[in-house]
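Enquirer: Predicted model, plus sequence, below.
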Amino acid sequence: MDKILEALVSSSHSVPVKKAIVKKVVEAAEKEVTADQCQALYTLTTRLIFLGEDAFQKQVGFQVLEAYARYHRADFELFFSKNFVLGLLQQGYGPLDRKDPAVVDYIHGCLRLLISCPSVLDIFSIIQTEILRMVCERPEPALCACLATMLSDFVQCIPREKAAILFCQQLVRTIGYFHCPASQERELREYVDQVTKVSTLLQNIWKAEPVTLLPSLQEVFAIISSTDPSFDPSIALASLVQHIPLQMITVLIKSLTTDQNVKDTSMTQALCRMIDWLSWPLAHHVEMWVIALLKGLAAVQKFTILIDVTLLKIELVFNRLWYPIVRQGALVVLSHMLLSFQHSPEAFHLVVPHIVDLVQSLKQDGLPTSKAFLLHFTELVHCMMYQYSGFPDLYDDILEAIKELPGPGEEKIKLVLNQSAWTSQSNSFASGLLRLPGKSETGKTGLINLGNTCYMNSIIQTLFSATDFRRHVLSLRLNDATANTLMKKLQLLFTFLSHTQRAAYAPRVFFEASRPPWFNAGSQQDCSEYLRFLLDRLHEEEKTIQVLMTAKPNVSPGNGPSDNTGGETSAKDAGVSPVAPVEGKSEGNDERTLIERMFGGRLSTGIRCMTCNSVSEKEEPFTDLSLAFCPSTTSSPLQTEGPSEEPRGPCQGAVNGGSEAPEIGPSPKPVTASTTGVHFVPGSSEPPLSVPDLVDYFLAPEILDKENAYFCQKCGSLQRAERGMRVVAAPEYLILTLLRFSYDAKCHVRRKILDNVTIPPLMRLPVHAPPPKHSSSSSSPPSSPLQVDSPESSENLAKKLKPSQREEEETGLEGVWPAAQFVPYVLSSVVMHSGMSSESGHYYSYGRNLNGEPGNGQTEPIALTCSGATHPKQEVEVYGSQAAGDWLLFNDSRVTFTSLGSVQNVTNRFPKDTAYVLIYRKQDVTGGQNSTGGVTANGMRLGSEPPLQKELMDAVTKDNKLFLQEQELNARTRALQAASASCSFRPNGPDDNEPPGSCGPSGGGGGGGGFNTVNRLVF
């Protein structure tokens, strides 16, 4: 029979004839055949299978072998012995190499025919040994696929126990050597199918023997972390990722990133190669493992690796977006890499040149998934352009390409950026010792206490919360000539507060530059005094620069703050760009300084002789109003604490905290209706004073007589007179200082007035038209419009003399002054003082969490006019529905969300925590109640955050890189110390390491304490 078959397949007969004869041969297998004939047939068919000249001969060999093996199984057992199998696996078949896939396919087919025979068990044991040897020789993908198919059908051939672990490790390493040089689609599909078969085999082994999984994954990492330049692992390893249980991500990544034996170079290689896996078409969950590793590295603060890998691989990840089969996973990784890389625009700018082409391609490709993908991609681009504004040359084409697509709102962008930064990610990969001190949930930056500097920190955060002022400062074009000016340092500080990745920034440079000369470093100081000094310095600097800008070319500005040593001076050289004029102003350009335009107002003081009724007026500038508490006697519901026995002399209005001389006599001041709208209702059940009450009291007229009689130039003698004040120019930001520290002449100490003052979120300030120039018999001196006062300027001396009585007047000042226009102001920030006296305590501040855009969802309150006609409780009730996140609490390095209710009730809860400095922001009268920002009619407001200038961005980028390096170094140090330290870390975060004089977590009601502050110093 074998001779017939051999002659047939080599004959020249047609294929149909040959098939017919082969069919007869196969049918003859059912008949009796001798053992020798069977062996001859088995030998012939095996030779045809291995060495057949064409596919027909190989097919004939398989058909005849299968037929005779089924009907003559005993003879086939003798032929297909373990020695024969061992020879095939070790030596091949004739000229056929042992590594040829045909050998494994032949053995696989024969095992199917012997599955029920006892002898197959011996063959299984042989195959178990030989299969391990074959895998160690790094077979090609085709042979591995054949092995995987055979082992999937015959799991008895898979090595067991320890050999199984070794087999899986070697099979993983073999996959790492796979490469596909083919470029044809058919060959590529065949290669992917081969890899899939091998990875599926590993998956089945891991499920059957879980003990093999972890060693296999360790082998994967060993392969991809190899730094051998001659070895480039295959991305086919990505096929294994989809078979790893997702619940193992946290454990594996934490173990990996905290292993001190893993070098940074190895970790960098591993991460880069995992990112390369995004190119594998059928791999699932690769993006999850990549992001998990990125987060794990951020958790242990290995920022150098993250920076290097991001810059190296960001373009490759972007290029994956062009291929629909892998673009979804690539976008997830790209989004994480870009959004977390917030210390520099470098990574984003690497992909910027390719964005327009990709957007246009996605619009045109017609795929159903492209539209949704494009929306997600556009949102990412918007976030990055918002984070790194100031590059119109790079972004113009992008904005044009995506202008028709919806973009995320500013609040969503800020939320996404805040949650994505390396320094603010909350993850479970870091141990307690390695937890990263990231920003709070607010996304805002605190200020580190440098040692009794809470007075400065609270003022800086207050000014930073003044949206328009902050935006104007950040938009100033200051060149190298103004590098040493205080405004330049403030601009840089505001930049860091806006863009640093630090949870809290240390303002050392600004502190040294802005500290008043009489302030001793490390000692307690008055925040209102510091604020006045700071605003005055900024004002005087700009005035000096304006003089230099208008000076002749030969004038040397060597003594100016710009530190120029000589030469010609121009606007460009002076370092300040011209300030945009105020719209509607009749005099051309507005030459006021930024401080004047933001905080400057004007106050007119009028004195009317009650004999001849002549009026003298004097107009003065102010940047803040110092509001005294009403003095009290038995005849007045508003009383000062303690007796006033000694006469006191006349005093000036406390504009800019003006100095106040002692007052004569304990004259009560019953309040009457006047042009200011003042109205105090007597009675013991009077509710707490409100801020409008104090403003009314400040502006109310008073009587000058007896020792304080006024010298009337018209009468030529001392006469009884009436003096009053009125605001004639309202500032953009109204600063109010509550004079809470009174001087005790007996004890020679400054005591604190702890009276609670209701703080309305919105009030209306009475503003009168400026007085005609001819009506003023005196004018303000030609001094600087901003004044700095001595440290004693804020004393709460009884500042008003005997008030004017309506029955004693025929015509008061209100008859001379025109009717007031009430300008609405919304509360912007409040500085609180916690403590019993000016010599002890702590400052912290509240700021309204506004972006300056209208329609932000915040409820506008009903305004309280500076008059007692509206009960203060109405304001609280109307505004009580405001959300809890609409206000922020700045307590040095801690920044937390709070609410208006907390701001208004803090003194009720913590009696020693009282409002000290308040800032109100003028509302746009033409914009309606809902207008809280944007571009206004007077041109004072900027609609959005200005783009960051290159110099400022470079400074932030440099500091952010330094911060990441510091965190990485600290993490390494802590990791090295962790083994020997029992438990040396503090659980309450970085603020536990506090400077000398710090009040700690109980720094007043805003910080979580408030009743144990007697021994604390102001810092």
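Expert: Alright, I've got the coordinates.

Enquirer: Can you give me the neighbour number for the spatially closest residue to residue 735 that is not a sequence neighbour?
Expert: In this structure, residue 735 finds its nearest non-sequential neighbour in residue 624, 3.6 Å apart by Cβ to Cβ, 6 or more residues apart in numbering. For the C-beta atoms, the positions are set from N, CA and C on the backbone; glycine is no exception. Residues contacting residue 624 under the criterion other Cβ atoms under 10 Å number 24.

Enquirer: With just CA atoms, put stretch 476-486 into PDB.
Expert: Taking Å, rounded to 0.1, in the frame of the first residue of the first chain, the C-alpha atoms of stretch 476-486 are listed here in PDB:
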ATOM      1  CA  LEU A 476       2.200  95.500  33.800                       C
ATOM      2  CA  ARG A 477       5.100  95.400  31.400                       C
ATOM      3  CA  LEU A 478       8.100  95.800  33.700                       C
ATOM      4  CA  ASN A 479      11.500  95.500  32.100                       C
ATOM      5  CA  ASP A 480      15.000  94.900  33.500                       C
ATOM      6  CA  ALA A 481      15.300  98.600  34.500                       C
ATOM      7  CA  THR A 482      12.700  98.000  37.200                       C
ATOM      8  CA  ALA A 483      13.900  94.600  38.300                       C
ATOM      9  CA  ASN A 484      14.600  95.900  41.900                       C
ATOM     10  CA  THR A 485      11.400  97.800  42.300                       C
ATOM     11  CA  LEU A 486       8.800  96.700  44.800                       C
END
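
Enquirer: Next up, the contacts around the residue nearest to residue 735.
Expert: Contacts here follow Cβ atoms under 8 Å, 6 or more residues apart in numbering; on that basis residue 624 touches 528, 531, 532, 599, 656, 657, 735, 736, 737, 917.

Enquirer: Point me to the helix or strand that includes the third one.
Expert: This points to residue 532. Take DSSP states H and E as the rule and residue 532 turns out to sit in helix 527-550.

Enquirer: So residue 254: helix, strand or coil?
Expert: With DSSP: H, G, I helix; E, B strand; the rest coil as the basis, residue 254 sits in helix.

Enquirer: That one against residue 293, yeah?
Expert: No - with contacts counted by Cβ atoms under 8 Å, residue 254 stays clear of residue 293, the gap being 10.7 Å.

Enquirer: neighbour count winner among those two?
Expert: Using other Cβ under 10 Å as the criterion, residue 254 and residue 293 rank with residue 293 on top: 24 against 20.

Enquirer: residues contacting that one?
Expert: Residue 293 is in contact with 253, 256, 257, 270, 271, 274, counting by Cβ under 8 Å, 6+ apart.

Enquirer: which of those tops the neighbour count?
Expert: Within the contacts of residue 293, neighbour counts (other Cβ under 10 Å) peak at residue 274, which reaches 27 neighbours.

Enquirer: In terms of helices and strands, where is that residue?
Expert: Using DSSP H and E, residue 274 sits within helix 264-276.

Enquirer: mind listing what's buried in that helix?
Expert: For helix 264-276, burial by neighbour count (16 or more other Cβ atoms under 10 Å) applies to 266, 267, 268, 269, 270, 271, 272, 273, 274, 275, 276.

Enquirer: Closest one of those residues to residue 9?
Expert: Closest approach between the buried residues of helix 264-276 and residue 9, by Cβ to Cβ: residue 276, at 48.9 Å.

Enquirer: Disregarding flanking residues, what is the spatial nearest neighbour of that closest one?
Expert: Once flanking residues are discounted, residue 276 sits nearest to residue 235: 5.3 Å by Cβ to Cβ, 6+ apart.

Enquirer: Pull the CA coordinates from stretch 401-408 and hand them back as PDB.
Expert: The C-alpha trace of stretch 401-408 is given here as PDB (Å, rounded to 0.1, in the frame of the first residue of the first chain):
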ATOM      1  CA  ALA A 401      -9.500  75.500  13.900                       C
ATOM      2  CA  ILE A 402     -11.600  74.700  17.000                       C
ATOM      3  CA  LYS A 403     -13.700  77.900  17.100                       C
ATOM      4  CA  GLU A 404     -16.900  76.000  16.100                       C
ATOM      5  CA  LEU A 405     -16.400  73.400  18.800                       C
ATOM      6  CA  PRO A 406     -17.700  73.900  22.400                       C
ATOM      7  CA  GLY A 407     -15.100  74.600  25.000                       C
ATOM      8  CA  PRO A 408     -15.200  74.000  28.800                       C
END
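
Enquirer: average pLDDT for it?
Expert: The pLDDT scores in stretch 401-408 average 88.

Enquirer: Tell me how far it lies from the chain's centre.
Expert: How far stretch 401-408 lies from its chain's middle: 23 Å, per Cα atoms, centre = their mean, to the nearest Å.

Enquirer: who's in contact with residue 173?
Expert: 138, 219, 223 are the contacts of residue 173 under Cβ under 8 Å, 6+ apart.

Enquirer: Phi first, then psi, for the residue nearest to residue 735.
Expert: As for residue 624, its main-chain torsions (degrees, to the nearest 10) stand at phi -150, psi 160.

Enquirer: what's the distance between it and residue 532?
Expert: 7 Å (Cβ to Cβ, to the nearest Å).

Enquirer: do residue 271 as well
Expert: For residue 271, the distance to residue 532 (Cβ to Cβ) stands at 54 Å.
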